[in-house]
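[1] Below: sequence and its predicted model.
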Amino acid sequence: NLGGNADIYRVSLAGGEPERLTTDPADDFAPDLSADGRAIAFHSWRAGSRDIYVMPLDGGPTQRVTSSPAQEWLPAWAPDDSALAFGVANSPGPLMIVRRHADGTWGAPVARLAAGAQWPAWSPDGRVLAYATDPEMLRSGLGVVPADSGAPRILIDTTQAAAPTVEQPLWSADGRWIYFKSHDARGNASLWAEPAGGGAPRLLVRFDDPARPSYRAAWALGRDRFYFTIEDRQSDVWVMDVASR
């Protein structure tokens with residue numbers, strides 16, 4: 001939010017000035033880069049509620065992919081860019097898939113799971129979706145479901161007292177692990193790895209420096225790095241004269 005509302009930017013990994021990509025007066029959030037690097041999917045309030053949009057990075061027109069009042073958000077590209085998966089910000093909301101036609105237009109969204117699924121993430125082969133069971137709740141778990149048909153399977157059940165809560169899941173490049181971010185009861189963040197076939201989750205990183213918290217659920221996974229935000233919260237003290245009326 002550098003210009004009065006939330007916009008999407010990109011910056012070179014080598015550093016430099018961020019480049020602003022969206023300029024609409026509405027708020028734009030949660031960009032996901034297509035596998036070919038030619039477009040971003042994101043959700044925006046441009047039509048009065050959350051909808052999914054796709055913007056090509058070559059300067060072409062932005063496409064509105066969804067057009068309902070159901071609060072679609074957090075889109076994720078399929079590995080071959082043929083589809084988007086996204087959640088619906090109703091608690092618990094469904095997990096949806098929308099396919100892209102050969103001519104570049106988009107079909108009608110189809111519910112893959114009726115309820116209780118957010119933050120979808122495609123496996124590297126595009127056959128499975130990992131998801132947080134419901135991050136609107138205090139104890140979200142981790143599930144996987146075939147992208148086309150088949151029953152879901154819960155990998156982390158947070159009705160078990162020792163299980164970490166699950167926020168945005170992301171797959172390893174080889175498909176063997178599902179990484180996710182978590183926050184404990186005190187709000188301290190951590191990063192975990194869960195075997196894709198099931199098993200005990202492994203703690204990888206704990207954000208234990210109170211001066212460098214990471215409050216946001218969103219993060220990113222590169223080829224050999226994790227990317228995340230660190231908050232630097234600042235404030236000012238003001239004095240105001242109080243006059244009787």
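    Happy to help now that I have it.
[2] Flag the shaky bits of this structure, pLDDT-wise.
    Counting by pLDDT under 70, the ranges of the chain that qualify are 91, 135-138.
[3] any idea how far Trp192 is from Asp209?
    18 Å (Cβ to Cβ, to the nearest Å). C-beta: built from backbone N, CA, C; applies to glycine.
[4] The two - which one has more neighbours?
    Shown here are Asp209 and Trp192; by other Cβ atoms under 10 Å, Trp192 has more neighbours (23 against 10).
[5] In space, what's closest to the more buried one - neighbours in sequence excluded?
    Excluding the flanking residues, the one nearest Trp192 by Cβ to Cβ, 6 or more residues apart in numbering is Pro201, at 4.8 Å.
[6] residue contacts, that neighbour?
    When contacts are counted by Cβ atoms under 8 Å, 6 or more residues apart in numbering, Pro201 touches Ile156, Ala163, Pro164, Trp192, Ala193, Glu194.
[7] Pull out the buried positions in stretch 114-134.
    116-123, 126, 128-134 (16 or more other Cβ atoms under 10 Å).
[8] And the furthest pair within the residues you listed?
    In terms of Cβ to Cβ, the buried residues of stretch 114-134 reach their longest pairwise distance at Gly126 and Asp134, which sit 23.9 Å apart.
[9] so Ala35 touches Asp81, yeah?
    Yes. Ala35 lies in contact with Asp81 (Cβ atoms under 8 Å); the separation is 5.2 Å.
[10] Of the contacts of Pro201, keep whichever come out buried.
    Buried among the contacts of Pro201 (16+ other Cβ under 10 Å): Ile156, Ala163, Pro164, Trp192, Glu194.
[11] my read: the second one touches Ser140, true?
    No. In this structure Ala163 lies outside contact range of Ser140 using Cβ under 8 Å: 10.2 Å.
[12] and Arg99, what helix or strand is that in?
    Under the criterion of DSSP states H and E, Arg99 resides in strand 95-99.
[13] List the strands paired with that strand, with their directions.
    In the sheet, strand 95-99 lines up against strand 83-88 (antiparallel), strand 110-113 (antiparallel) (DSSP bridges).
[14] Just name the most buried of those strands.
    Comparing the strands paired with strand 95-99 by mean neighbour count (mean count of other Cβ atoms under 10 Å), strand 83-88 comes out on top with a mean of 25.
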